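Peer 1: Output the structure for:
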Amino acid sequence: MRLTPLDIQNHHFAQTWRGYDPAEVETFLRMAAEDYEALVRERDTLRETVRHLESRIGELASQEQTLRETLVTAQGLAEDLKRTAMKESEVVIGQAEVKAEKILDAAHRRAAKLAEDIREMKGVRSRLASAVRTTIETHLALLEGLAEEPAEDPLLDGKVAFLTRPTQPKAAGGTGGA
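Peer 2: Have a look, this model is predicted:
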């Protein structure tokens with residue numbers, strides 16, 4: 001049987017001839033009842049605290065489960081995002097490589113065309129230099145020919161002398177009468 005603080009406080013002992021001092025017993029019982037009552041209140045408070053903590057543990061366990069599920073979902077999403085990003089980066093890299101190849105190919109073709117143009121221009125320059133050289137040499141030869149004294153040509157001198165001779169006047173009594 002459990003005792004309550006009230007049971008302890010209201011309990012009376014039978015008195016005997018040489019028994020305990022009733023005042024001392026009453027004081028002791030009152031102190032024991034007060035202490036017992038304080039312990040019962042503390043126990044009830046602790047039980048309420050335990051109930052509250054158990055309830056809180058249940059809530060936290062539920063939240064922990066939710067957090068675990070959220071974490072697993074977040075990890076899955078992160079992996080999906082990582083895979084998607086890797087695929088997208090591979091596509092971008094592939095496109096960049098194709099574009100780079102096209103640019104390199106165009107640059108090689110342009111360089112080859114420029115090299116061919118340079119070869120053609122060198123040929124044109126060489127032909128032009130040769131033509132200019134020939135023209136200059138021809139003109140120099142003409143100048144040298146003009147600078148020389150012409151050789152005496154007896155036939156030419158005779159013709160020139162004939163042309164420069166004074167003409168004689170014709171006689172006054174000629175044919176036709178006067």
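
Peer 1: most residues in a single helix of this structure, which one?
Peer 2: The helix that spans the most residues within the chain, counting by DSSP state H, is helix 22-147.

Peer 1: So which other helices or strands are in contact with that one?
Peer 2: helix 5-10 (3 or more Cβ pairs under 8 Å, 6 or more residues apart in numbering; DSSP states H and E). C-betas here are computed from N, CA, C, even on glycine.

Peer 1: mean confidence for the helix it packs on?
Peer 2: Average pLDDT, helix 5-10: 78.

Peer 1: got it, and stretch 78-85?
Peer 2: 96.

Peer 1: and if you look at stretch 90-97?
Peer 2: In the prediction, stretch 90-97 has an average pLDDT of 96.

Peer 1: now it, how far from the chain's geometric center?
Peer 2: What separates the centre of stretch 90-97 from the centre of its chain is 13 Å, taken as Cα atoms, centre = their mean, to the nearest Å.

Peer 1: do stretch 80-97 as well
Peer 2: So, by Cα atoms, centre = their mean, the centroid of stretch 80-97 is 13 Å from its chain's centroid.

Peer 1: Which positions within it qualify as buried?
Peer 2: Residues of stretch 80-97 include none that count as buried (16 or more other Cβ atoms under 10 Å).

Peer 1: List every C-alpha atom in it, with coordinates, as CSV.
Peer 2: Provided in CSV are the C-alpha atoms of stretch 80-97 (Å, rounded to 0.1, in the frame of the first residue of the first chain):
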residue,chain,number,x,y,z
ASP,A,80,20.9,14.6,-61.6
LEU,A,81,22.1,18.2,-61.9
LYS,A,82,25.7,17.0,-62.1
ARG,A,83,25.0,14.5,-64.8
THR,A,84,23.0,17.1,-66.7
ALA,A,85,25.8,19.6,-66.4
MET,A,86,28.3,17.1,-67.5
LYS,A,87,26.2,16.2,-70.6
GLU,A,88,25.7,19.9,-71.4
SER,A,89,29.4,20.6,-71.0
GLU,A,90,30.2,17.7,-73.3
VAL,A,91,27.8,19.1,-75.9
VAL,A,92,29.2,22.6,-75.6
ILE,A,93,32.8,21.2,-75.8
GLY,A,94,31.8,19.2,-78.9
GLN,A,95,30.3,22.2,-80.6
ALA,A,96,33.3,24.3,-79.7
GLU,A,97,35.6,21.6,-81.2
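
Peer 1: Could I get the phi/psi values of residue 15?
Peer 2: phi -90, psi 140 (degrees, to the nearest 10).

Peer 1: meant to ask about residue 21, not that
Peer 2: phi -70, psi 120.

Peer 1: Can you pull out the low-pLDDT segments for the protein?
Peer 2: 1, 150-178 (pLDDT under 70).
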